[in-house]
Each structure stands twice: as structure tokens, then as C-alpha cells.
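**Q** any chance you can model this:
(2 chains)
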Amino acid sequence: MPIRILSLPGKDLQYALKCMDLGDIIAFSLCSKRTKNLVKSSNRKMDPPRIHTYENRIRFEIQTMIFKNCYEYAFLDIFDSYIELNRNWRYEAWRKQEFTQADWIAHFMSIFHGLMVEELTMETISLSFLDTVKQIIPKINKLEISHLCSKELAKTAFFKLAPISEEVEVEKNIFDKKKELFKCFNLNLSSVNFDNSPTGYQLDSNDLLALKIKDLTIEDAVITGKELNRFLKLWMKRNHTFYRPRYLELTLRQELNREEVFKGIEYQIVNCERQLKRRDGKKLIISINGEHLTLEFRI
Amino acid sequence: MSSTEQGTSSAAPAEPTTAPESAAAPEVPESFYYVHGKDKVVHKVSAGALQHSALIHGMISNLGYTEEQAKANPFPFENIDGDILQMVVDWCNQHKGKPTPPEDTNLPKQKEKLFDLVLAVNYLEIKELLTYCCKQVAMMVKGKSPEEIREIWMIPTDAEDEAAEKEAKKRAGKEAAGETAAAAGDAK
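**A** The predicted structure follows:
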């Protein structure tokens, strides 16, 4: 026997929605604009979604805490004209007239108050779709660009989406030219991690001086002791100038020559690490451990 | 007016028989009240059972009716169907003086009456029963697709909603025009 749910008193209706599981609430939100707005106003607490892009689909992983340490999950695969929901290991395909992939994503971002995506992992996606992603998703906590992406896609995705991401991980070398790396270092980003690259990331003192990324980690970096020495000397001279980076970690292809790095530089040993101190009071702690170099900038 | 007696049949206090004198606390005689729905069938319910309903509890808390006065003045709930009120009374009697467990198997299962039950329970402010009813409502669509949900819960499509909205606006416009005309007529 049918029941006119929308005629129930507001509070009861909201309580009924609260009792529904994640898959049911998603289905309900797709019934009409009114039901979508009801789900939106239900203030159901959702963790920001995780999104993976594949060649022919975009996967949404949504989770909600039922009670302490107990979560309920929903996995949605969004294809061009339909979505597939995995409910209790049963796949269901749902269609909605005139809904495109972008409409589906906008719908889910909207019903779960999606101002933020927890993780966006890009494997493959059309270049044109990147703009749509940027329009729909205002903020990303972690952007992962997979090694499976083409170089062109990975590069475009980085320059389009990194500015709205808190943390970026790039699994392939996206820089063809030196000036592209320089351009990237000049972006005001929070945290970037460049993974292994067969060609290595060629760095020099100018790159490090231009760096504006707060927290940068590079694996397979290539820099000489001489260039690093030049950077340290110039950093020491730059009194009372703002330098944004706080932490730089490089895994080098070749071990550095410590003598070359610290040639002509006055430093102190504090807690077994070399510390440079500028006249304006700013400090730089340098740790060289085999092929591992970390620079920690302290105000 | 017919009458059905629910719950404890005797209004007289039970006499302690075996309990030692020192442990026997004086028992307060249980009071009863009477309610009826649309069908005018009167249900006798103990004050303890009625405590579940915040509405009725608020009404009776300061009345201090005698048994006769209570019988002569049943609470009328004309907006509630008789069979629905019967369900509510049964539930209140079953749960007199004890909290409802999260999964209550003794609760009414009649889905066809669920909607009316929710409205009645909401009106009578029986929080625990309302919680259960809302859960039952939610269970109706468990594992269902959007199309199935639309059917079960009679959800209008966007087009139907828009048409209804247009109609409502049209009606409101006509009513407003009618009122203006009437006011103008009065002024003349």
C-alpha cells in the first residue's frame, strides 16, 4: 500500500530520512527536485567523497559514520548516461532522463554538501572533462595524478586542479621543459609530492629560490652540491625577505658531497643537524642522509 | 457510546500479602482516563500508560479527576480513526512504565495503516512510537530503486510538482482577486 511520504509532518519526514541507509537515501534524492532538496536539508553527516576517474567512468566513494568507528559505504560508478550503485555486493543501474556525467556528479556533490572532495585520483579522463570537474568541485583535499595518465592530461590536470587542492601527488614527471618546472615551483601550493621519474627532476639554485610551494617532496631529484651551496648562500643573504617554503625533501639520484654543499657557509650543529641562522633570526635546518636531503625552514 | 476496557481492569490498589511490613511502601491507587477517536469507541487507559503521550500527559497532569469524572469526560480525538487509536492504546498499555527497546517486535505491523499511525502518534506526541513508525516508513523502501521509491511513497514527478505549483498560484491569485472585489464591495 503506497504512502504519501511528502505529506508527513516535516520532523517525521526528516526522521524517516535519518533512518534510511545510504543507498536508499541516494535513490530517494533522485526521485525529484523536491526529494533532492529534502535530502540536502536533512543535514545527514557525510564524509567528503573520494573520487576516482577511469577511462569510461567516475567512481564516487561515499561514507557516513553510523556510530563510533562504524561506517556505512556506498560506491557509485558514474557512466555517461547512467550510474551503477553497489549495494550489498549487488549492482544496480539507474538512469535519469537527460542527465549527463557532469549532472550526476553535481547531484552527488550537492546532496552531500560537497564543498570538498577528500581525494580525487585521476587515471584517465578526457581533457575537456577537466574543466567540468573544476566547475563542479570547488576544493580537493588530496589530488593524485596516476602514472597511468598521459603526460598531456597529467600536466593539464596539475595546472588546473593543483590550485584548488590542499595536497597533490604526481606519479609521473609532467615537465618537458625546464621552464614548466619553474612555473610549477612558482605556484602558491600547500603540499606537492613528485614521485619517481625515469628522467629525474633536474633542479638548480634558481628553482629553489623561486619556490613558493610550502611543502615539497621530490623523488628522483637531481641537483649538484655546488648548486645547493649557491642556494644556501643566497638564502642567507636574503634578510627580511619572505620565503614561503617550510619543508623541502629531496631523494637524490646521487649522494651529495657535504664539503661542497657547506663550502664557505657558517653553520652550527644543533641536535646532530646543521643549522643556518640568518641575521633576521630565520633558521634553516639541513639534514643530509645518504641520498636523502631535507631542508626545514623555521621562522 | 460503547466502551472497551484496556490494560489493568481494576482501579483498586492491590493489597500487599507476603511482603514484610517494613519493606511495604504505601501504594498509590492507579488512576484511569478515557479516550475516544473518530468512531466514539471509548478506551480506558491507565495514567501510567498515557504517560507515553506528552500531549495527554500534559492535559491530565493537573486535572485531578476522580474515576467518575474521568469516565464522564473522555478525551476526544476526533481526528484519529478508531482503529488507529486502538493501536496506540494497545502500544501504550504494553509499554507502560518501561522504555521501548530499539527493535520493538510488539509494535503494530500494519503497513497500510502506517501513514495514519504516524500522523496520530505525531499528534499525540508519543516519541518512542513515532521513532519506530518512522523507522518502519524508512524500511518500506529498503533496497528499492528511485522509480520503486516514487511509486511506494507516491512522490510526484518534477512536472507534476510544477503543474501543482502553477495551479496553487492560480488559485491564490483568484482568491486574492475575490477578496479585493469583496473589500471594494464592502467599501461601497
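**Q** I'd like to know how far A:Glu123 sits from chain B.
**A** Separation of A:Glu123 from chain B (C-beta to the nearest C-beta, to the nearest Å): 29 Å. Quick note: C-beta positions are derived from backbone N, CA and C, even for glycine.
**Q** list the contacts of that residue.
**A** A:His52, A:Thr53, A:Tyr54, A:Glu55, A:Ser146, A:Leu148, A:Cys149 (C-beta atoms under 8 Å, 6 or more residues apart in numbering or on different chains).
**Q** show me where the stretch 51-200 of chain A has helices.
**A** A:101-111, A:127-136, A:151-161, A:178-185 (DSSP state H, counting those that start in this stretch).
**Q** avg pLDDT for the third one?
**A** It stands for helix A:151-161. Mean pLDDT, computed over helix A:151-161, is 92.
**Q** picking up where we left off before, now the buried members of the contacts of A:Glu123.
**A** A:His52, A:Thr53, A:Ser146, A:Cys149 (16 or more other C-beta atoms under 10 Å in any protein chain shown).
**Q** between those, which is nearest B:Phe32?
**A** A:His52 (64.0 Å; C-beta to C-beta).
**Q** how close does B:Asp158 sit to A:Asn43?
**A** For B:Asp158, the distance to A:Asn43 equals 23 Å [C-beta to C-beta, to the nearest Å].
**Q** for B:Ile60, which non-adjacent residue is closest in space?
**A** B:Tyr33 (5.8 Å; C-beta to C-beta, 6 or more residues apart in numbering or on different chains).
**Q** residues near that neighbour, how many?
**A** Residues within reach of B:Tyr33, counting by other C-beta atoms under 10 Å in any protein chain shown, total 23.
**Q** one more: A:Gly264?
**A** Using other C-beta under 10 Å, A:Gly264 has 7 neighbouring residues.
**Q** enumerate every residue touching it.
**A** A:Gly264 touches A:Asn229, A:Lys233, counting by C-beta under 8 Å, 6+ apart.
**Q** list the buried ones in the biggest helix by length in chain B?
**A** Ranked by residue count, the top helix of chain B under DSSP state H comes out as helix B:158-187. Buried residues in helix B:158-187, counted by 16+ other C-beta under 10 Å: B:Asp161.
**Q** packing partners for that helix?
**A** For helix B:158-187, the elements it packs on are helix A:33-41, judged by 3 or more C-beta pairs under 8 Å, 6 or more residues apart in numbering or on different chains; DSSP states H and E.
**Q** hmm, the helix it packs on touching chain B?
**A** Yes - judged by C-beta under 8 Å from any C-beta of the partner chain, helix A:33-41 comes into contact with chain B at A:Lys33, A:Arg34, A:Thr35.
**Q** closest to A:Ile285 among the contacts of A:Glu123?
**A** A:Ser146 (33.3 Å).
**Q** out of the helices of the stretch 51-200 of chain A, which gets nearest to chain B?
**A** helix A:101-111 (11.5 Å; C-beta to the nearest C-beta).
**Q** circling back to that earlier point, in a markdown table, list the contacts of A:Glu123 along with distance to A:Lys96.
**A** Shown next, in a markdown table, are the contacts of A:Glu123 (distance: C-beta to C-beta, whole Å):
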| residue | distance to A:Lys96 |
| --- | --- |
| A:His52 | 22 |
| A:Thr53 | 20 |
| A:Tyr54 | 21 |
| A:Glu55 | 22 |
| A:Ser146 | 29 |
| A:Leu148 | 30 |
| A:Cys149 | 29 |
